[in-house]
Structure formats: C-alpha cells, structure tokens
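[1] Sequence plus the predicted model coming up.
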Amino acid sequence: MSVADFQPVIGLEVHAQLLTRSKIFCGCSTEFGARPNAHTCAVCLGMPGALPVLNEKVVEYAVRVGRALECRINPVSIWARKNYFYPDLPKGYQISQYDQPLCEHGGLEIDGEDGPRRIRILRIHLEEDAGKNVHDPGGGDSLVDLNRSGVPLVEIVSEPDLRSSSEAAEYLKALRDVLVYLGVNDGNLEEGSFRCDANVSVMRKGSTQYGTRVELKNINSFRFVQKAIDYEIGRQVELIESGGKVTLETRLFDPVRGETRSMRSKEEAHDYRYFPEPDLPPLRIPAGFVERIERELPELPRAKLHRFTASYGLPAYDAKILVGDRPLADLFEQVQAVYRGPAKKLSNWFLGELLRLMKEEVREVGALRFSPAQFAALLQMVDSGELSNNAAKDVFAEMFRTGRDPREIAQEKGLLQTQDTGAVGAAVDAVLAANPGEVEKYRAGKKQVFGFLVGQVMKAMKGKGNPALVNAALKTKLGD
C-alpha cells in the first residue's frame, strides 16, 4: 500500500493574538519589539498577591471572532488555571478556559479539493500568552523575556474535518483573512501573533475508525504547515505499513531538514490539572452585548468574494487576490465607483501595475499617494484614446510615486494622443502618397499591409495618433 491508500485526518488549533493595546489582565503594553521585560508589571510577572483584572476589549474582540465564525456565545464561561512549570510561565500556571469556553460550535467555509466545504469549529476560548525563552546559540545562558506574558489570545480549535495538507493551508488562510478583516489580529505568522498546532492521524480508506493522532507544534508559515503535515502523513503510513504503531506524541517540525521530530511522548506530556481560577469571577456576557457586536461586523471575505464575482463579473482568481487584502478590495471599489468602466480592466491594472509597484517599493495601500479619482481619470484617458496603454503605465508609475494628476503628468511627458481628426487625416494622406505600391497591394487583397500603413501613420505622428482615429481614417481613404 501507499499514502494514496490512506485517508489523512487533520484538526488545527490556532492561537491568535488580539490587537488590544494592553494585556488581558493588566495595563502593560502589547507592543511588539520592545527591549526584553520592558512591558511587565507585578501581574504579568506573577508576583505573589498581584490580582488579574479582565480587559473588556479582549472580550469584545473574542465575541466578534465567535460570531463571525458562526459560534454560539455562551452567556457564562469559566476561567481556569492550566498548570505546568516552564521558565517562561512565571506563575507556574496559565489563565485560560477549559470545559466552559466563551464560544462553541461554529464553522468556516473553505474551497476544498472537491468544492466548497464547511470546516466545523469546536470551540474558541480566551487565554493569556506565556513569555519567551531566548537561548544563546553558542551554548551559553538561556534568558527569559516576559513582554509577551499576559498578551491576550484566542485559541480556535477545529474539528478533525480537514483531509489534506492543502485543505489545512486553505483553512488557515481563510481564518487569517477573517481575523484581519475583523480588525482583531494582524495575521503576522513571523512575529507569532498567528500560529498553529496541527493534529494529524491517518486511517485506511474505507475505515471509520480514526488512527492515533500526533500533535505538530507551533508552525509559523502556510508553506511549512503543508510540508509538516505531508511529512507526518508519510511517516505514519510508512510506520503502519512496516508493522509498527503510531505513538500519541508531540512533534516539532524542522523546516531546514523538512521533517518532524519527537518532542515528548504522551507519557511525558504535561498533566495540566485544570481547575477554576479563584481570582477571577465567571465571565458573564451582558444582555444585548452580542447583538451590538453582530451589528458592527464588517462584510467578511467569503461574502465579499461572492459579491465581487457576481456584481462585478470578475473571475474567481482576480476576486480572490483582491479580497485577500481588505484595504486593496476597498480601494478597488472606490476606484470602480468613479470609473464605472469594465471592472475586469480595472482588476487587470490592480493585479498588474499596482501590485507590481507596491511590491517593488514595499508600500501598503494606506500609504498610496494618489486618490481613487486620479486612478479612475487615468483609465478614462485610456478608454477615450488620449493615452495608449503603454503610455498610461508610464503615467501611472509617476502618479504612484508622487500623487500628481495623471493629465498633468501626461502633458509634461508629451504622451497625450491627438484627437484632431484633421491632423490624423493629413498624416494618413501623406503616408498613402508616399507608399503607392503598398496601397495597390492592399487594394489587390493583401490585407496584412494595413498594419504596415498604420505603423507608418503612427511613426509620422510620433506615436501621438489615436489608434482608433488612425484606423478609421485609413479604412475610409482606402475605400473600405
């Protein structure tokens, strides 16, 4: 048998940092990149007698996530202590939620391998982040930075509904897009504000009994998620086929070697000994709180994707790229509202020239210097024949760098095409008079000569002839 004879079963646990300015149980800053231990106090340092006080904005953001993912919001949820001992956990426990979480039983639709699929979400709960151990690569001291200790997280736990590494990556991307659209997470995998663990098992096709799962910890890119899961699937299949058994364990992914390695077995895993947090009362959601948040939810990526394809007639590929960045999608609609020309033409400019220049200059949509009206004006100049497509790209590049008016740039560069039919007619007459042999060939049926004549007229007008006017004038003069 081979991997193709087995069915992977995958569930993901995503930890997402909530974009509050202060931590979940104290007033310390959540700013990333500060000097070690600069954003700490008695609460997040775990000093004896220091008491946690809940940040209300954290609850609001978590409910926003829960309702966007169609979860039930429990009116009462319970805080719990998750006990384990590690240098980056100063209290010796992490405040989390266990058997009574804030949100339960939701779902997220993704594009699966066989079409749209709804991935069930088991639960979403709140918890505080731990600190960070900093190890000397030369084998010296290990240090602890507690700036991250107490940073608010939501943990989003899916059911084991994913059936391939590509579906897992698609789910993560879709989930990240939702959180970024909601304004509750920045989606930054490299900084650890969006990270995931994957639970992976395999079973023979046709079986209904799940295999023994293995947990893959803290994978920090979509590409590595796929590579780690694919490696783990192959490893488990090979182990089973050789007569061995998969062990319930936690493994780490080594991106350099492209393989997973054992971190700890089930026998060595922590017994977290959850029990209710005595220093925090039950979290009770006030009447009308959820309804208010629901009214404030933005249009989510999936709904926007469907609207872009239905209302604007865009191909799914174009729509998916535009919708993948909310500010980019908003800009597209702002320009289209002024331009009102073919949406596909505008999409081509966005996916081509705009994204190319943004990538070259590492610029975000919010930092663009031109206005939607200027972008629309440029496209209208192309549609009217005042600018060729190539000339418009030159104008757009200057507009992108400076924010200047496109017509002003085109005039300064001498790129405007003439709309003077008299000047076009005179140029056509001169070209026909200078090329009698080509004219005779055309009239004798050699129609490909027409392109040569167009080129000669454009050359005579130094590229400033309106192609539509040139073509029309030539056909008239040639008797077509």
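    Yep, it's here. Numbers count the residues shown, from 1 in each chain.

[2] residues of the longest helix along the chain that come out buried?
    Ranked by residue count under DSSP state H, the longest helix found in the chain is helix 222-241. Residues of helix 222-241 classed as buried: 222, 224-233, 235-237, 240 (neighbour count, 16 or more other CB atoms under 10 Å). For the C-beta atoms, the positions are set from N, CA and C on the backbone; glycine is no exception.

[3] For that helix, name the packing helices and strands.
    Applying 3 or more CB pairs under 8 Å, 6 or more residues apart in numbering; DSSP states H and E, we find helix 222-241 packed against strand 6-17, helix 165-182, strand 194-204, strand 214-219, strand 249-254, strand 259-265.

[4] And those, which one averages the lowest pLDDT?
    Mean pLDDT is lowest for strand 259-265 among those, at a mean of 82.

[5] now for that strand, which elements pack on it?
    strand 214-219, helix 222-241, strand 249-254.

[6] Wait, Pro160 touches Tyr210, no?
    Yes - checked against CB atoms under 8 Å, the pair Pro160 and Tyr210 is within contact range at 7.0 Å.

[7] More neighbours: those two, which one.
    Legend: neighbour count by other CB atoms under 10 Å for Pro160 and Tyr210, higher for Pro160 (18 against 12).

[8] what's near enough to touch the nearest residue to the more buried one once chain neighbours are set aside?
    Excluding its sequence neighbours, the residue lying closest to Pro160 (CB to CB, 6 or more residues apart in numbering) is Gly11, at 3.9 Å. Gly11 makes contact with 157-162, 198-199, 213, according to CB atoms under 8 Å, 6 or more residues apart in numbering.

[9] export the residues you listed to a markdown table and tack on distance to Leu146?
    Converted to a markdown table, the contacts of Gly11 look like this (distance: CB to CB, whole Å):
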| residue | distance to Leu146 |
| --- | --- |
| Val157 | 26 |
| Ser158 | 30 |
| Glu159 | 34 |
| Pro160 | 34 |
| Asp161 | 36 |
| Leu162 | 34 |
| Ala198 | 28 |
| Asn199 | 29 |
| Arg213 | 32 |
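
[10] Only the buried subset of the residues you listed, as a ChimeraX command please.
    Buried subset of the contacts of Gly11, written as a ChimeraX selection, criterion 16+ other CB under 10 Å:
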select :157,158,160,161,162,198,199,213
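
[11] Quick check: buried residues in stretch 175-191?
    For stretch 175-191, by 16+ other CB under 10 Å, it's 175-182, 184-187, 189.

[12] Tell me how many other residues surround Val134.
    Count around Val134 with other CB under 10 Å applied: 12.

[13] can you check the one 5 residues further on too?
    By the criterion of other CB under 10 Å, Gly139 has 6 neighbours.

[14] any common contacting residues for Pro160 and Tyr210?
    With CB under 8 Å, 6+ apart as the test, Pro160 and Tyr210 both reach 9, 201.

[15] Quick check, pLDDT for Gly425.
    On pLDDT, Gly425 comes in at 63.

[16] Run through the residues that contact Phe222.
    Counted by CB under 8 Å, 6+ apart, Phe222 has contacts 169, 172-173, 189.

[17] Make JSON lines out of those residues and add distance to Phe275.
    Listed next are the contacts of Phe222 as JSON lines, based on distance: CB to CB, whole Å:
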{"residue": "Ala169", "distance to Phe275": "37"}
{"residue": "Leu172", "distance to Phe275": "32"}
{"residue": "Lys173", "distance to Phe275": "37"}
{"residue": "Leu189", "distance to Phe275": "33"}
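
[18] most neighbours, which of these?
    Counting neighbours by other CB under 10 Å, Leu172 leads the contacts of Phe222 with 24 neighbours.

[19] quick one: that one from Arg292, how far?
    Separation of Leu172 from Arg292 (CB to CB, to the nearest Å): 29 Å.

[20] do Leu182 as well
    Computed as CB to CB, the Leu182 to Arg292 distance reads 15 Å.

[21] Could you do Leu346 as well?
    Computed as CB to CB, the Leu346 to Arg292 distance reads 36 Å.

[22] How about Leu351?
    Counting by CB to CB - Leu351 and Arg292 are separated by 37 Å.

[23] With only the CA atoms kept, save the longest strand along the chain in CSV.
    Longest strand in the chain, counting residues (DSSP state E): strand 115-128. Presented in CSV, the C-alpha positions along strand 115-128 are these (Å, rounded to 0.1, in the frame of the first residue of the first chain):
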residue,chain,number,x,y,z
GLY,A,115,-15.5,22.2,-3.9
PRO,A,116,-16.7,24.3,-1.0
ARG,A,117,-16.6,22.7,2.4
ARG,A,118,-17.6,23.8,5.9
ILE,A,119,-15.0,23.0,8.5
ARG,A,120,-16.5,22.8,11.9
ILE,A,121,-15.1,24.8,14.8
LEU,A,122,-15.4,23.0,18.1
ARG,A,123,-14.6,26.0,20.4
ILE,A,124,-12.9,29.3,20.8
HIS,A,125,-11.6,30.3,24.2
LEU,A,126,-9.6,33.1,25.7
GLU,A,127,-6.2,32.8,27.4
GLU,A,128,-3.1,34.7,28.3
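
[24] low-scoring stretches of the stretch 1-150 of the chain, by residue?
    The stretch 1-150 of the chain contains residues with pLDDT under 70 at 1.

[25] go with 80
    Low-confidence segments of the stretch 1-150 of the chain (pLDDT under 80): 1-2, 136-140.

[26] the helices in it, which residues?
    56-68 (DSSP state H, counting those that start in this stretch).

[27] coming back round to it: neighbour count for Leu346 and Arg292, which is higher?
    Neighbour tally, Leu346 and Arg292, criterion other CB under 10 Å: the higher count belongs to Leu346, 24 against 11.

[28] thought that one was touching Arg340?
    No - assessed by CB under 8 Å, Leu346 is found out of contact with Arg340, at 9.8 Å.

[29] Between the two, which contacts overlap?
    With contacts defined as CB under 8 Å, 6+ apart, no residue is shared by Leu346 and Arg340.

[30] Whichever strand or helix holds Gln456 - what's its average pLDDT?
    Gln456 belongs to helix 449-460 when assigned by DSSP states H and E. For helix 449-460, the mean per-residue pLDDT is 69.

[31] rewinding a little: tabulate the helices and strands packed on helix 222-241 (TSV), appending distance to Asp271.
    Listed next are the helices and strands packed on helix 222-241 as TSV, based on distance: least, CB to CB, whole Å:
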stretch	distance to Asp271
strand 6-17	18
helix 165-182	28
strand 194-204	18
strand 214-219	16
strand 249-254	14
strand 259-265	12
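
[32] The ones you listed: which one's closest to Val395?
    For these, proximity to Val395 was assessed by CB to CB; helix 165-182 is nearest, at 32.2 Å.

[33] So for Gln417, what's the pLDDT?
    Looking at Gln417, its pLDDT is 68.

[34] residues contacting the residue lying closest to Phe289 once chain neighbours are set aside?
    Excluding the flanking residues, the one nearest Phe289 by CB to CB, 6+ apart is Val63, at 7.0 Å. Listed by CB under 8 Å, 6+ apart, the contact set of Val63 reads 73, 102-103, 285, 289-290, 293.

[35] Any of the residues you listed buried? List them.
    The neighbour-count criterion (16+ other CB under 10 Å) marks 73, 102-103, 285, 290, 293 among the contacts of Val63 as buried.
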